[in-house]
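Q: Requesting a structural model of the entry that follows:
(4 chains)
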4 protein chains.
Amino acid sequence: MCRWMAYQGEPVYLESLLFKQEHSLIHQSLSARKSSVTVNADGFGLGWYDEREEPGLYHEILPAWSDSNLKSLARHIKSNLFFAHVRASTGTETSRSNCHPFSYKNWLFMHNGQIGGYDDLRWQLDRLIPEYLYGERHGATDSELIFLLMIANGLEENPQNAITDTLLQILTIMKEKRITEPLRFTAVFSDGENIIAVRFSSDDKAPSLFTKKYNDHLVIGSEPLDHCSDSWTQVPAGHMALIKHNTYQIQPLSAKLSDFSLS
Amino acid sequence: MCRWMAYQGEPVYLESLLFKQEHSLIHQSLSARKSSVTVNADGFGLGWYDEREEPGLYHEILPAWSDSNLKSLARHIKSNLFFAHVRASTGTETSRSNCHPFSYKNWLFMHNGQIGGYDDLRWQLDRLIPEYLYGERHGATDSELIFLLMIANGLEENPQNAITDTLLQILTIMKEKRITEPLRFTAVFSDGENIIAVRFSSDDKAPSLFTKKYNDHLVIGSEPLDHCSDSWTQVPAGHMALIKHNTYQIQPLSAKLSDFSLS
Amino acid sequence: MCRWMAYQGEPVYLESLLFKQEHSLIHQSLSARKSSVTVNADGFGLGWYDEREEPGLYHEILPAWSDSNLKSLARHIKSNLFFAHVRASTGTETSRSNCHPFSYKNWLFMHNGQIGGYDDLRWQLDRLIPEYLYGERHGATDSELIFLLMIANGLEENPQNAITDTLLQILTIMKEKRITEPLRFTAVFSDGENIIAVRFSSDDKAPSLFTKKYNDHLVIGSEPLDHCSDSWTQVPAGHMALIKHNTYQIQPLSAKLSDFSLS
Amino acid sequence: MCRWMAYQGEPVYLESLLFKQEHSLIHQSLSARKSSVTVNADGFGLGWYDEREEPGLYHEILPAWSDSNLKSLARHIKSNLFFAHVRASTGTETSRSNCHPFSYKNWLFMHNGQIGGYDDLRWQLDRLIPEYLYGERHGATDSELIFLLMIANGLEENPQNAITDTLLQILTIMKEKRITEPLRFTAVFSDGENIIAVRFSSDDKAPSLFTKKYNDHLVIGSEPLDHCSDSWTQVPAGHMALIKHNTYQIQPLSAKLSDFSLS
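A: Numbers count the residues shown, from 1 in each chain, chains lettered A, B, ... in the order given. Model (predicted):
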């Protein structure tokens, strides 16, 4: 599984969260604790917001811990909202175009999970990408595909509906194709202002999703970023967290999704 | 434009053609002579046949002239049939999955040229790839797309028909979409035994394609590989060269293709 | 030869000079105009100052024109003093540790030129690096070596003396070893506030060094960055430009250096 | 710690040992069993002998498990004597010039271990490299340094003496500099015909070194390459294995080395 973190709050240098935490993402990438896959060395990425409307992006195929550029960038880039992601490939190539976060206009997206039977579904799912968005299909991952379908399904106007509709769309095709492997989907979206974090799986093993509230900022992550696991709140499976101005609300995902539960 | 060369004949170390020729491909990659684009530094690749049925492949995104691995591999790999390609991107990303030659089972393919208006056609053309071949779509180039369509159109059974049918298929869609830029296509195929080299363009600027016969081998290239340009035969536009056992025949492509001439 | 540019003035996004100029460095890297070597594809680098004391650094071995990270970083990083460099190797490996600019504490350095007979001198010259600086010897280039010698010779206290002393030190050893190739050295230094640009060669072919003054900023470069070559001032060989607050003074280098003139 | 394996015997495709074994090196690189460091993703390398006198070399900074070139090369390169190495950096940069195996003329060398206090000793140790060998100092690792010192100390004429002399030379300097960290050195050398494997440490934690004899070949490795740990022989610390024609002899290292034991 991949690992990731997102930050919203007072502007900070990225290094304060990427390197200086006890269980920073970079340290995590070297050794897993709550995840079944040991190593996250199949590419990583940063996305951050600043004065410009569209986010900055940095993708690299070297392991995060040995990238000298990352160290310097994280010391010099300051942001009030940023995403970081370390990848453990579920099969597709290690290339920059397969690295998270993905971007579209002012939006960022990153993901941990996978579409069960993706190799058998890619042909059919890629055909759901509308022509006007096809130029944004740079890589071959299920993650980029899901993001493009969410945009096609109205992410910019109504993100909650777009998320539900896209998951339903994929689950329906998985059912038709009699795929028995689950759809696991823990993901984070931002339009540059707010963050939506989703935790879902069609089986009972939704990838983890933790949040922690501080005085002037809020951090969410695939794993707790410090030793005090207790101080982190796990978002329940089948729920999303809506994060605005460093506060968050937890909401259940649409009930329609539970009909596809494989368990 | 990209540059490439192919060799058939007595087994030789790859370096004898890649590095030791006066106008070897590696030297060419640094400075153009007959091509309109100056630099071929957007990835390169090798494909070679040996005792195994499927060819060996080596793709790299560094400029060919600065890749220390290439120097050593070319000194140690011997082959009686190999392809080499240096890329000058026409827009798609510099990544290994966009590097030539492409392979499928025992086949190799590489290409110089481009589908006019590709960005506007990719959505429609990708949909022509049949489901059973879609797993072979690793990158985003028009070159890989053309290769997969040729396979879908019967390359393994009747390569000449497959080539004509695919070019017609693409030209028809270009016409429907009122693309005015040309389809330029100079390409080389091999099944491990014979080589087919095609030179075509829908305008009058087909990318160059040269052949030279030696005692015990034959070389084809996007440009002559030595100073004696005179000793190289240019394959006429709208023709293909069929190369078997170090001899070759020149044949015109199907007359149907001339109907799409844009000139 | 390498190419480079440096900027001092009102804070700007790096892209305004790296990509948006007619003859921006990235365009130059693809095709040479005033330089004898055609391609600058052997690595590139950025160094920039912001609120932090030590500069930010970004080094990459891909050709600059195909690095998607560079595009995004240049759109999001703003600076009032930055360096950019595209490398054409004179022999040493294409690796990040061989990319300019080099840094030490708050200092940046980049260089165009070479020590004649460097391969024969490296053993002797490396031994001049004092022990306390040896940990900064990450690569194998003559450029990094010269920078470390300048630091050893007092760059932080008296840059002008340090430059002269180091060039004399190298020229003396070249003379002892009867090297007939020239020492060519056009270089730029900054402590984060001011810039020193040096143009020197022991023969009459000092690499070019141009400056242009605008209303609120000043640009120096190995080549003019726009079509109006007339509006750029060439610093004479054997001179240095001292740049403070967007103004500059031209001074001759020490007369001692002319004794080593090979011409 | 790094991991490595070496093979001598009937010519085989490299993949049979690199990928097809239960505990192949590539699988090991993902998860450690007997080693204290979890991940070997800081570069890897191959060296192999064939008809040419000097060995073939392939170095890459991507994690071995995600390198598509490695998969193809290992399927197509056959050798009767080869080395493979996956690196876990002890501090120096992840670059190709820091990847093992290192080569000199017909010799290959790879290494697991480290010189205690290397950062404090590099200046002094690098000065021991004689001028005629300094051009071979491409990177900054202690491993390359040790190899060059062994060559300087007569590796080509009398490898056993050269090994002892070099270890003594380093231990003496460590003692002078009052370094308390150990010198750990498990290494493999070959001249293309025979293999020498050394296991040494100045403390009681010499990196592991296993051998296994088969009918027509012999494998040595930093760890056993299959589940039957029992069938692998551990070379005792302070000893070397001399491997000729798929047989081996174990010999103690010079008694002089024990004087430097730190334990």
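Q: make it CA atoms for all contacts and neighbour counts henceforth
A: OK.
Q: do stretch A:188-200 and chain C meet at all?
A: No - if you take Cα under 8 Å from any Cα of the partner chain as the test, stretch A:188-200 misses chain C, and the best it gets is 14.4 Å.
Q: what about the stretch 1-150 of chain A, any weak spots by pLDDT?
A: A:1, A:22-23, A:28-41, A:89-91 (pLDDT under 70).
Q: Do a quick rundown of the helices in it.
A: Ranges of helices in the stretch 1-150 of chain A, per DSSP state H, counting those that start in this stretch, are A:15-18, A:25-30, A:68-76, A:118-126, A:142-152.
Q: same question, the stretch 151-263 of chain A
A: A:159-176.
Q: Not counting sequence-adjacent ones, nearest residue to residue A:248?
A: In space, and not counting its chain neighbours, residue A:248 is closest to residue A:242: 5.3 Å by Cα to Cα, 6 or more residues apart in numbering or on different chains.
Q: gap between that neighbour and residue A:198?
A: 9 Å (Cα to Cα, to the nearest Å).
Q: Specify which residue of those two has the higher count of neighbours.
A: residue A:198 (26 against 18; other Cα atoms under 10 Å in any protein chain shown).
Q: Report the beta-bridge partner residues of that one.
A: Beta-bridge pairing of residue A:198, defined through DSSP bridges, involves residue A:187, residue A:240.
Q: Can you give me the distance of it to residue A:151?
A: Distance from residue A:198 to residue A:151, by Cα to Cα: 16 Å.
Q: same check, this time on residue A:11
A: Residue A:11 is 28 Å from residue A:151, by Cα to Cα.
Q: who's more crowded, the two?
A: Comparing residue A:11 with residue A:151 by other Cα under 10 Å, the one with more neighbours is residue A:151, at 22 against 17.
Q: pLDDT value on the closest residue to that one other than its chain neighbours, please?
A: Of all residues not flanking residue A:151 in the chain, residue A:162 sits nearest, at 7.3 Å (Cα to Cα, 6+ apart). At residue A:162, the pLDDT value in this model is 97.
Q: List the contacts of residue A:208.
A: A:186, A:199, A:222, A:223, A:234, A:235 (Cα atoms under 8 Å, 6 or more residues apart in numbering or on different chains).
Q: Which two among those are spaced furthest apart?
A: A:199 and A:223 (12.9 Å; Cα to Cα).
Q: residues shared between the contacts of these two?
A: With Cα under 8 Å, 6+ apart as the test, residue A:199 and residue A:223 both reach A:208, A:209.
Q: quick revisit: for residue B:66, find the nearest of the helices of the stretch 1-150 of chain A.
A: Taking Cα to Cα, helix A:68-76 is the member of the helices of the stretch 1-150 of chain A nearest to residue B:66, at 21.2 Å.
Q: Which strands or helices does that closest one pack on?
A: strand A:3-13, helix A:15-18, strand C:56-60 (3 or more Cα pairs under 8 Å, 6 or more residues apart in numbering or on different chains; DSSP states H and E).
Q: out of the ones you listed, deepest packed?
A: strand C:56-60 (a mean of 24; mean count of other Cα atoms under 10 Å in any protein chain shown).
Q: helices or strands next to that one in the packing?
A: Counting contacts by 3+ Cα pairs under 8 Å, 6+ apart, strand C:56-60 is packed against helix A:68-76, strand C:44-48.
Q: what angle separates it from strand C:44-48?
A: Relative orientation of strand C:56-60 and strand C:44-48, computed by axes from the mean of the first three to the mean of the last three Cα atoms, to 10 degrees: 170 degrees.
Q: Can you list the strands that strand C:56-60 pairs with?
A: On the basis of DSSP bridges, the sheet neighbours of strand C:56-60 come out as strand C:44-48 (antiparallel).
Q: near chain B, which residues of the stretch 51-200 of chain A?
A: Checking the stretch 51-200 of chain A against chain B by Cα under 8 Å from any Cα, the hits are A:95-96, A:119, A:122-124, A:127, A:131, A:134-135, A:138-140.
Q: For those, which single residue is the most surrounded?
A: Compared across these, residue A:96 has the highest neighbour count, 23 neighbours, by other Cα under 10 Å.
Q: That residue and residue A:59 touch, don't they?
A: Yes - shown here, residue A:96 and residue A:59 form a contact pair, counting by Cα atoms under 8 Å, at 5.6 Å.
Q: Spit out the residues that contact the two alike.
A: With Cα under 8 Å, 6+ apart as the test, residue A:96 and residue A:59 both reach residue A:43.
Q: quick one, what contacts residue A:107?
A: Residue A:107 neighbours (Cα under 8 Å, 6+ apart): A:54, A:55, A:189, A:190, A:191, A:192.
Q: Output those as TSV; include the columns neighbour count.
A: Formatted as TSV, the contacts of residue A:107 follow (neighbours: other Cα atoms under 10 Å in any protein chain shown):
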residue	neighbour count
A:54	21
A:55	25
A:189	24
A:190	23
A:191	21
A:192	20
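Q: These in strands, which ones?
A: A:189, A:190 (DSSP state E).
Q: Tell me which two in the contacts of residue A:107 are the farthest apart.
A: A:54 and A:189 (13.6 Å).
Q: returning to what we had before: which one of the residues of the stretch 51-200 of chain A next to chain B is nearest to chain D?
A: residue A:95 (9.8 Å; Cα to the nearest Cα).
Q: Spit out the contact partners of the closest one.
A: Contacts for residue A:95 (Cα under 8 Å, 6+ apart) come out as A:43, A:60, A:61, B:95, B:96.
Q: let's go with 10 Å and repeat that
A: A:42-44, A:59-62, A:139-140, B:94-97, D:66 (Cα atoms under 10 Å, 6 or more residues apart in numbering or on different chains).
Q: Distance check, residue A:245 against chain D.
A: Computed as Cα to the nearest Cα, to the nearest Å, the residue A:245 to chain D distance reads 39 Å.
Q: pretty sure that residue contacts residue A:214?
A: No - using Cα atoms under 10 Å, residue A:245 is not in contact with residue A:214; the gap is 11.9 Å.
Q: These two - which one has more neighbours?
A: More neighbours surround residue A:245 than the other of residue A:245 and residue A:214, with 14 against 10 (other Cα under 10 Å).
Q: what residues are up against the more buried one?
A: A:8, A:9, A:10, A:193, A:194, A:195, A:216, A:217, A:218.
Q: Give me the pLDDT for it.
A: 84.
Q: repeat for the one 10 residues further on
A: Reported pLDDT at residue A:255 in the predicted model: 88.
Q: List the contacts of it.
A: By Cα under 10 Å, 6+ apart, the contact set of residue A:255 is A:164, A:238.
Q: Recalculate using a threshold of 7 Å.
A: By Cα atoms under 7 Å, 6 or more residues apart in numbering or on different chains, no residues touch residue A:255.
Q: likewise residue A:191?
A: Contacts of residue A:191 (Cα under 7 Å, 6+ apart): A:106, A:107, A:108.
Q: Please apply the same query to residue A:118.
A: Residue A:118 is in contact with residue A:142, counting by Cα under 7 Å, 6+ apart.
Q: how does it look with 10 Å?
A: So residue A:118 contacts A:90, A:91, A:124, A:125, A:141, A:142, A:174, A:179, A:181, A:183 (Cα under 10 Å, 6+ apart).
Q: From those, keep the buried residues only.
A: Buried subset of the contacts of residue A:118 (neighbour count, 16 or more other Cα atoms under 10 Å in any protein chain shown): A:125, A:141, A:142, A:174, A:179, A:183.
Q: what's the most distant pair in the residues you listed?
A: A:141 and A:179 (18.0 Å).
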